[in-house]
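Colleague: Quick one, structure for this:
(chains A and B)
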Amino acid sequence: MKLKRTIQYVDNEYRVNLLKIFKSNIPIVKEILLDGYDELSLLVTDENSKANPAQFRDVFEQSLNGFEFIKPRKSGATFSVPNIATFDFSKQTLLQQIMEGTPGNYVEMSAADLNTLSMVPDTLPLNPLDSEDSQVFLKIYTDLIEQQEISLLHKRLVRFPFSESPPMEGQVFGEARSYVKRNMSKWVKRAVVTSSRDVSQKYRRI
Amino acid sequence: MKRLRKEDLSLYRYIKDTVLRDFIEKDEMIPLELISELSCQGSYVYQAVVDADIIPSPVERGRGWTFFDCANYDDNGDCMYSVNTCVPEFVTVTGTDGQGTPCIGTPEQSNRITLYDENLTTISGLEYLIDYVDGRIIVETNTIVPKYIDYYWNYVSVVDEWVVVSAANTPVVVIDTAGTDKEGYQLGGGNKTTRVVDIHVFASSTAERNDLVETIHNGLYNKSAPVYDFPTGDVLDYDGTFYARKDTYNKLTSLFNRTSLNDLNVLHGGMEFLNVSSRHIRLPLILSRERNELLLSDLNAYRSKISFEIQTYTRK
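Modeller: I've put the predicted structure just below:
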């Protein structure tokens, strides 16, 4: 009975120490993720684009703050880095589109542009929070649109900056994943050493 | 050629020639047309004229005519593959590759493409060259005038660059090697290389996507493939003809050299596929539309991704 209690105590000490180390690393991981996210904006060269990820940084950070990085287990704990399947994109679906990659050429078109060309959008609005008049949609850049943008719209449409771009998931989440993978054995070792020391000190007192 | 390139190319060949071998179509009695701009005395170029309304086209990027024979045929002359996928499915013979190096390799096909003259008499395979990429026949003399052709072609476009996804109609498969990690063995020299690979599938319907994903997943799960040395480069030359066939009529002296890095004592075994997982990609931005409104060029409608790792062990 005493041995069982001792094992439970050791387990608990280990978990507490591991959780402490994990928690102290969450801000670093978040920072790495935000750095990766900020790099996406470097790919946007047209300042008129409504698809610049910089505009949705707050939404991304908010979803990041809601992400459950640590899950305590019966013995130990799990540290999860968000990926495309586990991250909450419900507040800004454009981000998921960018992370998954976009084959094909798209242009950004307002509701008025679409109306002038008697076309329907290929996508939902880029920012659903925009008012109905200022909503912007993506449309596959066909030869017809190329002909009509000058003749009917009298302007060059903004090219969706992530057209023909491969999945960006690795760029945003990859570095944080590598950071955790690189350090995990070090964290576990540190938790084992700290908890062993705590336990040995406690039993020395007894 | 460095090892990453050899692994990439071996994976490409494995996916296209082995995993997707069921996705091969046959076109029969396709008319051939002389392209006078490309022809001159001693070289007459004929193009297979495929109906432009037929999508996808056999000569789109990543497709092309098939250049290897089947190992086994059934009574109807159709390709028959063994259920046991460990059995090599290629014809392998002893000879030399295009540089004269003795090897065991695969010769250019001899029964996947049949050429006919105007009387529908079969023209011998030795009297012409085939451009498998652009779907052309090159004849040295004007005494032979090919009129029709039967050929097998790859229905699935397999490409290794994301930017060329939209260069072909669906179905398209993109092989993307995303990253590499190397670590040493516990003892001794050599290293273990792990590469992260994503295969993106773009299909034209749910059924087609599901078929492709399941086929590729099964082709990778619990499987491994050889890493070829490619001493003469890929199977085809820069102009789409079988490597070294321009210099010789003898198919046994222009084999595709199947010497692997394991044979050369560079690797322990081949490349092993690990942690294979697949998931469908439903882009939240894309609107669901009626079937008849869906553009064939809309690659985003039926997508899927297969992720896995490739592990290889070097000896030195």
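
Colleague: can you map out the helices along the stretch 201-316 of chain B?
Modeller: B:206-220 (DSSP state H, counting those that start in this stretch).

Colleague: Poorly predicted segments of chain A, please.
Modeller: Low-confidence segments of chain A (pLDDT under 70): A:1, A:205-206.

Colleague: what does it put close to chain B?
Modeller: Within chain A, the positions adjacent to chain B are A:85, A:89, A:93-94, A:96-97, A:100-105, A:121-124, A:126, A:138, A:140, A:164-167, A:170, A:174 by CB under 8 Å from any CB of the partner chain. For glycine as for every other residue, the C-beta is placed from the backbone atoms N, C-alpha and C.

Colleague: For ChimeraX, what selects the buried ones among those?
Modeller: Those of these that count as buried under 16 or more other CB atoms under 10 Å in any protein chain shown are selected in ChimeraX with:
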select /A:89,93,94,96,97,100,101,102,103,104,105,121,122,123,124,126,138,140,164,165,166,167,170,174
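
Colleague: Which ones among the residues of chain A next to chain B map onto helices?
Modeller: Assigned to helices by DSSP state H, the following of the residues of chain A next to chain B qualify: A:T93, A:L94, A:Q96, A:Q97, A:E100.

Colleague: mind listing the strands for chain A?
Modeller: Remark: strands assigned in chain A by DSSP state E are A:70-72, A:77-79, A:106-110, A:136-140, A:158-159.

Colleague: What pairs with the last one, parallel or antiparallel?
Modeller: Spelled out, that is strand A:158-159. With DSSP bridges as the criterion, the sheet partners recorded for strand A:158-159 are strand A:106-110 (antiparallel).

Colleague: count of neighbours near B:T122?
Modeller: As a burial measure, B:T122 scores 10 neighbours (other CB atoms under 10 Å in any protein chain shown).

Colleague: Does anything pack onto the longest helix seen in chain A? Which helices or strands?
Modeller: Ranked by residue count under DSSP H, the longest helix found in chain A is helix A:2-41. Here helix A:2-41 touches helix A:57-65, strand A:70-72, strand A:77-79, helix A:175-205, going by 3 or more CB pairs under 8 Å, 6 or more residues apart in numbering or on different chains; DSSP states H and E.

Colleague: Tell me how far that helix lies from the chain's centre.
Modeller: Relative to its chain's centre, helix A:2-41 lies at 19 Å (CA atoms, centre = their mean, to the nearest Å).

Colleague: Identify each buried residue in that helix, please.
Modeller: Going through helix A:2-41 with 16+ other CB under 10 Å, the ones that come out buried are A:10, A:13-15, A:17-19, A:21-22, A:25, A:29-30, A:32-34, A:36-37, A:40.

Colleague: so how far is the first residue of stretch B:155-169 from its last?
Modeller: 10 Å (CA to CA, to the nearest Å).

Colleague: Tabulate the strands of chain A (TSV), appending distance to A:Q55.
Modeller: What follows is the strands of chain A, written out as TSV (distance: least, CB to CB, whole Å):
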stretch	distance to A:Q55
strand A:70-72	30
strand A:77-79	30
strand A:106-110	13
strand A:136-140	11
strand A:158-159	14
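
Colleague: Out of those, which is closest to B:T206?
Modeller: When the strands of chain A are ranked by proximity to B:T206, the top entry is strand A:136-140, at 20.3 Å, counting by CB to CB.

Colleague: so what secondary structure elements neighbour that closest one?
Modeller: strand A:106-110, helix A:111-116.

Colleague: Swap in 7 Å and give it another go.
Modeller: strand A:106-110 (3 or more CB pairs under 7 Å, 6 or more residues apart in numbering or on different chains; DSSP states H and E).

Colleague: quick one: contacts of the strand it packs on?
Modeller: Where contact means CB atoms under 7 Å, 6 or more residues apart in numbering or on different chains, the residues beyond strand A:106-110 that reach it are A:49-51, A:136-141, A:145, A:157-160, A:163.

Colleague: Specify which member of these is nearest to B:L38.
Modeller: When the contacts of strand A:106-110 are ranked by distance to B:L38 (CB to CB), A:Y141 comes first, at 32.4 Å.

Colleague: Okay, that closest one and chain B: tell me how far apart.
Modeller: Applying CB to the nearest CB, to the nearest Å, one obtains 11 Å for the distance of A:Y141 from chain B.

Colleague: you'd agree that residue is up against A:N105?
Modeller: Yes - at 4.1 Å, A:Y141 counts as touching A:N105 under the criterion of CB atoms under 7 Å.

Colleague: For stretch B:63-81, list every residue counted as buried.
Modeller: Of the residues in stretch B:63-81, those buried under the neighbour-count criterion (16+ other CB under 10 Å) are B:R63, B:G64, B:W65, B:T66, B:F67, B:F68, B:D69, B:C70, B:A71, B:C79.

Colleague: would you list those in a markdown table and tack on pLDDT?
Modeller: Converted to a markdown table, these look like this (pLDDT from 0 to 100):
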| residue | pLDDT |
| --- | --- |
| B:R63 | 92 |
| B:G64 | 92 |
| B:W65 | 94 |
| B:T66 | 92 |
| B:F67 | 90 |
| B:F68 | 90 |
| B:D69 | 87 |
| B:C70 | 84 |
| B:A71 | 79 |
| B:C79 | 78 |
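
Colleague: can you name the two of these that are farthest apart?
Modeller: B:R63 and B:A71 (22.0 Å).

Colleague: Can I have the buried ones of the contacts of strand A:106-110 as a PyMOL selection?
Modeller: In PyMOL, a selection of the buried entries from the contacts of strand A:106-110 looks like this (16+ other CB under 10 Å):
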select buried, chain A and resi 49+50+51+136+137+138+139+140+141+145+157+158+159+160+163
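
Colleague: Show me the helices in the stretch 1-150 of chain B, by range?
Modeller: Per DSSP H, counting those that start in this stretch, the stretch 1-150 of chain B has helices spanning B:3-13. These are given in chain order.

Colleague: So, low pLDDT: which residues of it?
Modeller: In the stretch 1-150 of chain B the weaker segments, taking pLDDT under 70 as the threshold, are B:83-88.

Colleague: and the stretch 51-200 of chain B, which residues reach chain A?
Modeller: B:W162, B:V163, B:V165, B:S166, B:D176, B:A178 (CB under 7 Å from any CB of the partner chain).

Colleague: Most neighbours among those, which one is it?
Modeller: Ranked by neighbour count (other CB under 10 Å), these have B:V165 at the top, with 24 neighbours.

Colleague: ok, it - contacts?
Modeller: The contact partners of B:V165, by CB under 7 Å, 6+ apart, come to A:P103, B:V159, B:V172, B:V174, B:F202, B:L299.

Colleague: How about the contacts made by A:V29?
Modeller: Contacts of A:V29 by CB under 7 Å, 6+ apart are A:F69, A:V81, A:A176, A:Y179, A:V180.

Colleague: low-scoring stretches of the stretch 151-300 of chain B, by residue?
Modeller: Low-confidence regions of the stretch 151-300 of chain B, defined by pLDDT under 70, span residues B:284-298.
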